[in-house]
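[1] fold the following, please.
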Amino acid sequence: MKLREFLQGCNYILVTRSEPQTPNSSPPGSPYSSPPGSPSTPLWKRGAEGDFKGGYGEINDLLLNADISGLAYDSRKVEEGYLFVAIKGERYDGHDFIKDAIRKGAVALVYEHDNSELNSAIRNPQSAISFIRVKDGRKALACLANNFYEMPSKNLTLIGVTGTNGKTTTTYILKSILEAWGKKVGLIGTIQYLIHEKVYPAVHTTPESLDFQRLLKDMLLSGCTHVISEVSSHALAQFRVDRAAFNAAVFTNLTRDHLDFHKNMEDYFRAKERLFLELLDKDGTAIINIDDPYGKRLVASLVARHPSQDILTYGLEAGADIMASDVKSSFQGLKFKISFRGRSYDISSHLIGLTNVYNILSAVGVSISLGIPRKVILEGLAETGNITGRFEKVDKGQGFLCIVDYAHTEDALERLIYTARELLKKSLVSNTPSLTLPPRGGGQGWGGASELRTRNSSPRVITVFGCGGDRDRGKRPRMGAVATRLSDFVVITSDNPRSEEPSGIIKEIEDGVVAKNYVIESDRREAIRKAVNMASDGDIVLVAGKGHEDYQEIKGVRYKFNDREVLEEIIKYKMQDARLKKNIGYHVS
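    I've put the predicted structure just below:
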């Protein structure tokens, strides 16, 4: 591909030439002129006609007709003939690896700012490298990647799902419905990337723009007609999905999260809003949870900015376009009615809890916008199975329910525990906490059931959770409050401490507790063991925070750890131990 083709439509790109130059042709003081003491390299801005003519000269065809064999933002992946884009990441700045990219064969470089390595390369009279200066490297990468992969989203039906909670489940429900409709589906999200039947590990919920466009292209070539993508706030703030054409966009909800990255909730909302105000196709449909306060704001913004945009709202409250009613949730799943434009129909799903009513509504909204027949929608909903790490039941034949869930925010944890409490209510048993509990913070050698006694046989909700390190610290005490307020008993433990000390994170969680119904166990495996050992028939054990993850990150190292596997192992041991004790008791008698 020619450099000219890479740059097509990237109207924020400024271009330089690497050959020895005459004095800078840009007017002094112009935003395109070189700073004093910098190498003499004229800059031009892209012209309106797409021929890269600017007010300060014309770029020669030799530069624009250079052959480019590939594109990379990671210098380790650069090969001969590549275009390297220097972007600043969380830990490293691509500008610091320009020399590595050149050494590996880069023939063109996109950059935001000068540094010693770049200046040295530009000054080199032997260099045949094209240097392209941009205002924002991530925006440039999105444009270049879209061009390099030949704008794949234009030949796909692309659905974006954003919000704090519910993204993953919504995408899997949609996948089931689309497959029931006979479509080949690609999926991009937190758990994994799916290209029809091929499975790839997910590095990020939404990958960098180059990887995102590559996935879209691969999905297209594999015969996929529809792609469903979770779209994170990080991705929107960093322009990872820019230049993709979204046919439908879902807003699930917005609650506190990622405030280590976003300045505040307003900044968080503005990032989410971009999917609808800037990236949704004018002929596409916005599907919005109108019960959520930020959903109401989003509808108002869309109506004001894009009055002709098609909007479908959903919720349980009156006024929603797609409304759920008569909700019945049990251990077996959900049953409820959906009303839309004067018609109603019955929904049945294996998914559990009120949260999944909202997830189903959002998927139904997308399905309606795509013209999927009602019969197919119902069939797809009925076929949707449990989703890894999302209210995932772990059943080894024990007499109590064990659930693994990704809940790692205050709101998600509250909804998780609330769902468990509602299930206990509907099993016709009292759910009033009535426990004799160990001292605040637990004690050395505390082992669970032997030191925790109930005054009656009422089933309990026992919650195991922690908070991630190097993330929003403000949610830690809030989650401590929610867990101890709604659970019968809580084991506070470690999540992914990353570079932080687990004890420090746990202390901040403990600062928010509202009852003395908890113990501390920083070893996550031991914390799960304690919860399982104290559980009796009819109880619900919730293991929250990590969901589908198969690792625990400590001091930069990811150790193998999977909540579901650990639960299975501990439950199996407990049941074997119980059978052994029963047999011993039988023979003794």
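
[2] lowest-confidence helix or strand of the chain?
    Sorting the helices and strands of the chain by mean pLDDT, DSSP states H and E puts strand 435-436 at the bottom, at a mean of 32.

[3] contacting residues around the residue nearest to residue 384 when sequence neighbours are not counted?
    Leaving aside its sequence neighbours, residue 384 sits nearest to residue 176 (Cβ to Cβ, 6 or more residues apart in numbering; 4.3 Å). All C-beta spots, glycine's among them, are computed from the backbone N, C-alpha and C. By Cβ atoms under 8 Å, 6 or more residues apart in numbering, the residues touching residue 176 are 380, 381, 383, 384.

[4] after the host helix or strand of residue 176, which helix or strand is next?
    In the assignment (DSSP states H and E), residue 176 maps to helix 167-180. With elements assigned by DSSP H and E, the helix or strand that comes after helix 167-180 is strand 185-188.

[5] partner strands of that next one and their direction?
    With DSSP bridges as the test, strand 185-188 is paired with strand 192-195 (antiparallel), strand 226-230 (parallel).

[6] before we move on, the earlier item: out of the contacts of residue 176, which end up buried?
    Neighbour counting with 16 or more other Cβ atoms under 10 Å marks 380, 381, 384 as buried within these.

[7] mind checking pLDDT for the first one?
    Right, residue 380. If you check residue 380, the pLDDT there is 97.

[8] was I right to think it contacts residue 177?
    Yes: using Cβ atoms under 8 Å, residue 380 is in contact with residue 177, at 3.1 Å.

[9] between those two, what contacts are shared?
    residue 367.

[10] which sections of this structure are below the confidence cut-off?
    11-62, 125-126, 428-457, 585-589 (pLDDT under 70).

[11] show me what the helix of greatest length in it is packed against.
    Ranked by residue count under DSSP state H, the longest helix found in the chain is helix 563-588. Judged by 3 or more Cβ pairs under 8 Å, 6 or more residues apart in numbering; DSSP states H and E, helix 563-588 is in contact with strand 392-394, strand 401-405, helix 524-534, strand 540-544.

[12] from the chain's centre, how far out does that helix sit?
    37 Å (Cα atoms, centre = their mean, to the nearest Å).

[13] that one: which residues count as buried?
    Neighbour-count burial for helix 563-588 [16+ other Cβ under 10 Å]: 563, 564, 566, 567, 569, 570, 571, 574.

[14] try stretch 356-373
    Counting neighbours by 16+ other Cβ under 10 Å, stretch 356-373 gives 356-370, 372 as buried.

[15] nearest to residue 525 among these?
    Comparing those against residue 525 with Cβ to Cβ places residue 356 closest, at 28.9 Å.

[16] now do the same contact list for the closest one.
    The contact partners of residue 356, by Cβ under 8 Å, 6+ apart, come to 169, 334, 349, 391.

[17] chain neighbours aside, what residue packs nearest to residue 417?
    Using Cβ to Cβ, 6+ apart and skipping the chain neighbours, the partner closest in space to residue 417 is residue 486 (4.1 Å).

[18] about what we covered before: need the buried residues of helix 563-588 in JSON lines with distance to residue 404, can you?
    Below are the buried residues of helix 563-588 laid out as JSON lines (distance: Cβ to Cβ, whole Å):
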{"residue": "563", "distance to residue 404": "5"}
{"residue": "564", "distance to residue 404": "5"}
{"residue": "566", "distance to residue 404": "9"}
{"residue": "567", "distance to residue 404": "7"}
{"residue": "569", "distance to residue 404": "13"}
{"residue": "570", "distance to residue 404": "13"}
{"residue": "571", "distance to residue 404": "12"}
{"residue": "574", "distance to residue 404": "17"}
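
[19] nearest to residue 530, of the residues you listed?
    Among the buried residues of helix 563-588, and counting by Cβ to Cβ, the member closest to residue 530 is residue 570, at 9.5 Å.
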